[in-house]
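Asks: Provide a 3D model corresponding to the input given below.
(one chain, ligands or ions: 3)
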Amino acid sequence: PKYVYDFTEGNKDLKDLLGGKGANLAEMTNLGLPVPPGFTITTEACRHYLGHGGMPDGLAGEVAAHLTDLETRMRKRLGDSDDPLLVSVRSGAKFSMPGMMETVLNIGLNDESVLGLAKQSGNERFAWDSYRRLIQMFGKTVLDIDGDLFENAIDELKGDREDTDLEAADLQRLVETYKGIVRDKSGREFPADPREQMDLAISAVFDSWNAPRAVLYRRQERIPSGLGTAVNIVAMVFGNLGADSGTGVAFTRDPGSGQQGVYGDYLQNAQGEDVVAGIRNTVPLQELEGIDTASYRELLEIMATLEGHYRDLCDIEFTVERGKLWMLQTRVGKRTAEAAFRIAIQLVDEGLIDMDEAVTRVTGDQLAQLMFPRFATQEDDRRLTTGMNASPGAAVGRAVFTSARAVELAGRGEDVILVRRETNPDDLSGMIAARGVLTSRGGKTSHAAVVARGMGKTCVCGAEELEVDVAARRFTTPDGTVVEEGDVISIDGGDGAVYLGEVPVVASPVVEYFEGRRPDDELVAAVDRIMAHADSVRALGVRANADTPEDAARARRFGAQGIGLCRTEHMFLGDRRRLVEDLILAVTPEERQAALDALEPLQTADFTGLFEAMDGLPVTIRLIDPPLHEFLPDITELSVRVALAGDEAQDKDRRLLEAVKRLHEQNPMLGLRGVRLGLTIPGLFAMQVRAIATAAKRTGARHAEIMIPLVGAVQELEIVREEAQAILAETGVDALIGTMIEVPRAALTAGQIAEAAQFFSFGTNDLTQMSWGFSRDDVESAFFGRYLDLGIFGVSPFETIDRDGVGRLMRIAAEEGRRTRPGLKLGICGEHGGDPDSVHFCHEIGLDYVSCSPFRVPVARLEAGRAAL
Ligand code: ADP
Ligand code: MG
Ligand code: MG
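Replies: Ligands and ions are numbered 1, 2, ... in the order given. So this is what the prediction gives:
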C-alpha cells in the first residue's frame with residue numbers, strides 16, 4: 001500500500017486514511033488556500049506500527065522521497081546549517097481529540113542550523129526561541145520527560161518578565177539548560193541529526209495514540225480504539241518572528257450560540273501552542289484588523305470560502321509570518337448543542353443545506369443536552385464574577401482544585417466543580433468527574449472550553465478576576481471573597497456567571513416547548529422545525545415506557561405515539577403489598593381468589609387512568625414480571641422482628657417468614673417470574689387480563705395490547721393466551737396478545753412463537769443479560785471498566801445494543817417472526833429504545849416502533865428521523 005500522501009494528493013473525504021487534519025489540509029491545498037507544503041503518513045502505517053511494533057516496509061523510502069520533494073519545493077534542506085528547512089510533525093486522527101495527542105514543532109534545529117536560521121531571518125532571538133521550543137516539545141513528547149521541568153526553567157529565567165521580553169542571549173542560555181535536562185532525564189543527548197529528530201517524532205506521535213489520556217478520551221467519546229492516527233509533516237511557518245507575526249484560532253460562527261460573526265483569538269509574536277496553552281492573554285480576533293489589515297481581510301475571505309465549501313461552521317488555526325497569512329488547520333468545528341440546532345436552521349435559511357441535511361446535522365445527544373435544567377434566576381448579589389460562557393448548562397457543586405480531588409469526591413457521590421487556572425490534557429479525569437469546569441485563564445478555544453464542549457459539560461473559562469491558588473486550594477475574587485475547597489459554587493455556562501452557593505435551577509426552554517408552553521425564541525423555533533422534519537421522514541414509531549397516567553400524559557406531550565411498556569408491578573406496591581402478601585400466603589383456592597378479587601378493582605382503576613391519558617393510542621401492558629418475593633418484606637428484617645417478638649410474634653409474620661424462606665431463589669432473575677408466575681399461580685394473569693378488559697371496555701380503548709413477559713417456548717404463550725382470549729371474548733373486548741422477546745430461546749424460536757403472538761416487543765435488558773450471561777445489577781461495577789479498557793466492547797452492551805450478538809438474535813427473531821406472521825408488529829421496550837445508536841439499529845432491522853422513557857421520547861423521534869435519512 002501507499003503510506004504517504006502529499007497534501008496535493010488527498011481530500012476531505014479521506015479522513016479514515018489521512019486523519020481529519022491531513023484530509024482537511026489537503027482539501028485546503030486543493031482549494032488554493034495558502035497552506036505550507038507538506039505530506040501525510042497514513043493511519044494504516046500507524047496501525048501497522050502499533051500492531052507489529054515497527055514501521056511497515058517501504059515507509060522509510062516513501063518518507064525520504066516526499067521529504068526530498070518538499071526540500072526541492074522549499075529550496076531548503078531539512079536542518080541545513082546555512083538555511084535550514086524546519087518542519088512540524090503533527091498527529092491527526094480521524095476524529096479530533098483536542099490536545100490528546102502529540103505535535104512537535106521546529107524539527108530540524110540543532111547547534112549549527114540554529115545559527116543558519118538566525119542569519120537567514122536576521123533575528124537571533126527568534127532562532128533561539130524556536131530551538132528552545134523544539135527541545136522542550138521533543139523532550140516532553142518524544143523522550144517522555146516531565147514537561148514541568150522545562151516550564152520551571154523558563155519561569156525561573158523570566159522572573160517578572162513576559163516570555164516576549166526574553167532576549168536572544170537568555171534563550172541561548174535556556175537551550176543549554178534544556179539540553180541539560182534532556183541529558184539528565186533521558187540519559188542521552190538531544191539528537192542533533194534532523195532526520196533522526198523527525199523519525200523519533202513520528203514514532204512518538206504513533207505511540208501517543210495509546211497514551212492513557214487518549215485512551216480515556218476515546219472511551220468517553222466512544223471513538224473506536226483501533227483507528228490509529230495519521231502523521232502530518234508540514235513545513236514550518238513562523239509566528240514568533242516579531243510583532244508583525246503571530247498566531248491565532250478562529251471560528252466562522254460563534255460555537256456557543258451559532259451567531260455569525262468574527263470569533264477567535266490572536267496572539268502576536270508567538271507559535272501556535274501558546275494560544276491554546278494560555279501562556280499570555282490573547283486578544284480578540286477583531287483586533288487583528290488594526291494590527292495587520294491585509295492579513296485580517298484575507299482571513300475573513302478564507303473563512304467565507306471555507307464555510308461555503310464545507311457548508312458548516314469551521315474552526316481554523318492560522319499563523320501570520322511577517323505579514324503573510326498561512327492556514328495550518330481547519331475542520332468542521334465542534335459546537336454546543338444549542339449552536340448545532342441554530343446553525344443547522346441558519347444554514348437552511350441561507351440556502352446552503354436542505355431540511356434533510358439539517359436533521360442529520362444535529363444529534364439526539366445534543367437534544368438531550370438542551371433538555372437539561374438551567375438556573376432559575378440571576379442571583380446578582382451572589383455573583384462572584386463573570387467569565388466566558390464556554391459550554392452551556394447549569395452546574396452546582398463543591399469547588400475542588402485538582403483533578404485527583406475531583407475524582408475522589410465525585411467517587412463519594414459529591415457534586416464538584418473543577419476550578420483551575422487553565423486545564424491541560426492531564427485534567428481529563430477530573431473534568432469527567434466534575435459537574436462543571438471553571439478556569440481563570442484562556443478563551444473559548446482553550447483546552448478547558450474545547451474539551452468541555454465536546455463532553456457536553458458545563459464550562460466557564462477565562463474568569464480573569466479570579467485569583468486561583470491551586471496549592472492553597474482556594475480562589476479569591478477582587479472584593480476579597482475567598483472560596484475554599486469544599487465551598488459550594490454555581491456556574492452558568494450559558495452566560496458565564498459564577499455564583500457563591502447553590503443557585504436553584506429550572507427546566508430548559510426546550511422542555512417547556514415540549515410541554516406545550518412555548519417560549520418564543522430562536523432556539524425553540526429551530527428545535528421545532530427540525531423535530532417536525534424528523535417526524536415527517538421517520539419510519540419508526542416512538543412510544544414511551546410509562547406506568548402512570550402522569551407519565552403517560554407527559555410522554556404524549558413529548559410526542560409519544562403510544563405506550564410500549566406499562567409495567568404492572570408498581571401496582572402491587574405501597575398499601576397493596578398487604579394484598580400481595582395475602583395472595584402469597586393463601587392456602588386454599590378460596591383464600592387465593594379472595595386476594596385476587598381484592599386486587600382486581602385496583603388494577604382496573606390503574607388501567608382506566610392509563611387508557612384515558614392515552615386517549616385511544618395503543619397501550620401495551622405487560623403482565624406481572626418480577627418474582628413475587630420481591631413484594632415480601634426483607635428476610636433479615638423479618639427474622640429480627642419475629643425473633644424479638646418471641647412467642648408474641650404475630651402469626652402472619654411467622655407465616656411470611658416461612659414464605660420468604662420458601663420462595664428464596666439463588667438466581668431470582670432466572671427463577672419464578674414472568675410467564676412462569678402466570679402458569680404457576682392460578683388466577684393471577686386472569687385477574688390482570690380481566691382488569692385490562694374491563695378498563696378497555698369502560699374507556700372505549702380499542703388498542704390495548706397484552707404482553708406476556710419471559711416467554712421462551714410457544715407452549716407457554718399458548719396456554720396463557722387461551723385463558724386470556726376466553727376472558728376477552730367474555731367481556732367482548734378486542735385486544736392484541738403478544739410477547740416479549742427477551743430470552744435467547746424465544747429469539748431463536750421466534751418463527752414458532754409468532755404462531756401464538758400478535759406482536760413482539762424486544763426486552764433488550766434481559767436479552768442482553770441472558771445473551772452475555774452478565775448480571776445487569778452487578779457487572780457494571782465489577783469488571784466493565786476493565787472490559788472497556790481491554791476493548792472487548794467500546795460501550796456497555798446495556799447502553800447500546802450489541803449488534804453482533806444481541807442484535808443478531810433480534811434480527812433472527814424479526815425475520816422469522818414475520819415469515820410466520822406477515823405484518824407481525826415489532827417493537828422494543830428495553831432501555832436501548834432511547835439510545836441513539838440502538839434506535840438506528842432498530843430502524844435497520846425494520847421494527848415498527850421503539851419505546852423509551854418519556855424524557856427520551858424527543859431524542860428517539862429525532863434519531864429515528866436521522867436513521868431514515
Ligand atoms: P493540535 O492537534 O493539538 O492542535 P497541531 O498539530 O494542530 O496540534 O499543532 C499544534 C500547534 O502548532 C497549532 O497551533 C498549530 O497551528 C501549530 N503548528 C503546527 N504545524 C505548524 C507549522 N508547520 N508551522 C507553524 N505552526 C504550526
Ligand atoms: Mg491543531
Ligand atoms: Mg425483562
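Asks: give me the phi and psi angles of the closest residue to ligand 1 within the stretch 751-869 of the chain.
Replies: Sorted by distance to ligand 1 under CB to the nearest ligand atom, the residues of the stretch 751-869 of the chain start with Gly794, at 22.5 Å. Placement of C-beta: from N, CA and C, glycine included. For Gly794, the backbone dihedrals (degrees, to the nearest 10) come out as phi -90, psi -20.
Asks: Asp653 too?
Replies: Main-chain dihedrals, Asp653, degrees, to the nearest 10: phi -60, psi -40.
Asks: contacting residues for it?
Replies: Taking CB atoms under 8 Å, 6 or more residues apart in numbering as the contact definition, Asp653 lies against 638, 641-642, 645.
Asks: how far away is the residue of the stretch 501-650 of the chain found nearest ligand 3 from Ala713?
Replies: Using CB to the ion, the closest approach of the stretch 501-650 of the chain to ligand 3 is made by Asp625 at 6.0 Å. Between Asp625 and Ala713 the computed distance is 17 Å (CB to CB, to the nearest Å).
Asks: those two: which is more packed in?
Replies: Neighbours were tallied for Asp625 and for Ala713 using other CB atoms under 10 Å; the higher tally belongs to Asp625 (21 against 14).
Asks: is the residue nearest to Phe95 when sequence neighbours are not counted in a helix, a strand, or coil?
Replies: Once its chain neighbours are removed from consideration, Phe95 has its nearest residue in Ile223; the separation is 4.9 Å (CB to CB, 6 or more residues apart in numbering). Ile223 carries the three-state label coil when classified by DSSP: H, G, I helix; E, B strand; the rest coil.
Asks: where's Ile223 relative to Gln715, distance?
Replies: Ile223 sits 47 Å away from Gln715, going by CB to CB.
Asks: so which of the two has more stuff around it?
Replies: Per other CB under 10 Å, whichever of Ile223 and Gln715 has more neighbours is Ile223, with 18 against 13.
Asks: tell me who's in contact with the residue nearest to Phe95.
Replies: Shown in contact with Ile223 (CB under 8 Å, 6+ apart): 93, 95, 97, 217.
Asks: what's the burial count for Met571?
Replies: Here the number of neighbours of Met571 (other CB under 10 Å) works out to 21.
Asks: phi and psi next, for the nearest residue to it once chain neighbours are set aside.
Replies: When the adjacent residues along the chain are set aside, Met571 lies closest to Asp606, with 5.1 Å between them (CB to CB, 6+ apart). Asp606 has phi and psi values of phi -60, psi -50 when expressed as degrees, to the nearest 10.
Asks: surely the residue of the stretch 501-650 of the chain closest to ligand 3 is in contact with Gly674?
Replies: Yes - counting by CB atoms under 8 Å, a contact exists between Asp625 and Gly674, whose distance comes to 5.2 Å.
Asks: can you name the residue of this protein nearest ligand 3?
Replies: Closest contact between the chain and ligand 3, by CB to the ion, is at Asp766 (3.6 Å).
Asks: OK, contacts around the nearest residue to that residue once chain neighbours are set aside?
Replies: The spatial neighbour of Asp766 that comes closest, neighbours along the chain excluded (CB to CB, 6+ apart), is Glu742 at 3.8 Å. Glu742 makes contact with 709-710, 762-767, 770, 830, according to CB under 8 Å, 6+ apart.
Asks: in strands, which of the residues you listed fall?
Replies: Secondary structure defined by DSSP state E assigns Phe762 of the contacts of Glu742 to strands.
Asks: now the buried members of the contacts of Glu742.
Replies: 709-710, 762-764, 766-767, 770, 830 (16 or more other CB atoms under 10 Å).
Asks: with distance to Glu722 and pLDDT added, can I get these in TSV?
Replies: Formatted as TSV, the buried ones among the contacts of Glu742 follow (distance: CB to CB, whole Å; pLDDT from 0 to 100):
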residue	distance to Glu722	pLDDT
Pro709	18	98
Leu710	18	98
Phe762	24	98
Gly763	23	97
Thr764	28	96
Asp766	25	94
Leu767	26	97
Met770	27	96
Gly830	28	89
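Asks: take the residues you listed and write them to CSV, including distance to ligand 1.
Replies: Listed next are the buried ones among the contacts of Glu742 as CSV, based on distance: CB to the nearest ligand atom, whole Å:
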residue, distance to ligand 1
Pro709, 51
Leu710, 51
Phe762, 42
Gly763, 44
Thr764, 38
Asp766, 44
Leu767, 41
Met770, 44
Gly830, 39
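Asks: from those residues, which is closest to Glu408?
Replies: Looking at the buried ones among the contacts of Glu742 and their distance to Glu408, the nearest is Gly830, at 33.9 Å (CB to CB).
Asks: picking that back up, filter the contacts of Asp653 down to the ones in helices?
Replies: The helices in this structure, assigned by DSSP state H, contain 638, 641-642, 645 from the contacts of Asp653.
Asks: lowest-pLDDT helix or strand in the chain?
Replies: One helix or strand of the chain scores below all others by mean pLDDT, DSSP states H and E: helix 776-782, with a mean of 66.
Asks: what's the next secondary structure element after that one?
Replies: Taking DSSP states H and E as the definition, the helix or strand that follows helix 776-782 towards the C-terminus is helix 784-790.
Asks: helix/strand/coil for the residue nearest to Gly683 when sequence neighbours are not counted?
Replies: Distance criterion CB to CB, 6+ apart; nearest residue to Gly683, sequence neighbours excluded, is Leu596 at 5.1 Å. Following three-state DSSP, the label given to Leu596 is helix.
Asks: how about Pro633?
Replies: Taking three-state DSSP as the rule, one finds Pro633 in the coil state.
Asks: and if you look at Ile737?
Replies: Reducing the assignment at Ile737 to three states with three-state DSSP gives strand.
Asks: hmm, it is touching Gln725, no?
Replies: Yes - here Ile737 lies in contact with Gln725, judged by CB under 8 Å, at a distance of 6.9 Å.
Asks: can you give me the distance of the residue nearest to Asp766 to Met687?
Replies: Remark: distance between Glu742 and Met687 (CB to CB) = 23 Å.
Asks: check Arg435 too.
Replies: Using CB to CB, we find Arg435 at a distance of 47 Å from Met687.
Asks: what comes up buried for the helix or strand harbouring Val359?
Replies: Per DSSP H and E: Val359 is located in helix 355-360. When burial is assessed from 16+ other CB under 10 Å, helix 355-360 yields the following buried residues: 355-356, 358-359.
Asks: could you do stretch 576-592 as well?
Replies: Neighbour-count burial for stretch 576-592 flags 576, 579-586, 592 (criterion: 16+ other CB under 10 Å).
Asks: helix, strand, or coil at the closest residue to Ile635 other than its chain neighbours?
Replies: The shortest distance from Ile635 to any residue that is not its chain neighbour, by CB to CB, 6+ apart, is 4.9 Å, and that residue is Val660. For Val660, the secondary structure call by three-state DSSP comes out as helix.
Asks: near Val660, how many other residues are there?
Replies: Around Val660 there are 19 other residues, counting by other CB under 10 Å.
Asks: list the contacts of it.
Replies: For Val660, the set of contacting residues under the criterion of CB under 8 Å, 6+ apart consists of 629, 632-633, 635, 638.
Asks: using PDB, list the CA coordinates for stretch 103-116.
Replies: Presented in PDB, the C-alpha positions along stretch 103-116 are these (Å, rounded to 0.1, in the frame of the first residue of the first chain):
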ATOM      1  CA  THR A 103       2.900  17.500  17.900                       C
ATOM      2  CA  VAL A 104       6.500  18.700  17.700                       C
ATOM      3  CA  LEU A 105       7.300  22.000  16.100                       C
ATOM      4  CA  ASN A 106      10.700  23.300  14.700                       C
ATOM      5  CA  ILE A 107      12.100  19.900  13.800                       C
ATOM      6  CA  GLY A 108      15.500  20.400  12.100                       C
ATOM      7  CA  LEU A 109      17.200  22.700  14.500                       C
ATOM      8  CA  ASN A 110      20.500  21.900  16.100                       C
ATOM      9  CA  ASP A 111      23.500  23.800  17.300                       C
ATOM     10  CA  GLU A 112      24.500  24.600  13.700                       C
ATOM     11  CA  SER A 113      21.200  25.100  12.000                       C
ATOM     12  CA  VAL A 114      20.100  27.500  14.700                       C
ATOM     13  CA  LEU A 115      22.800  29.800  13.500                       C
ATOM     14  CA  GLY A 116      21.800  29.400   9.900                       C
END
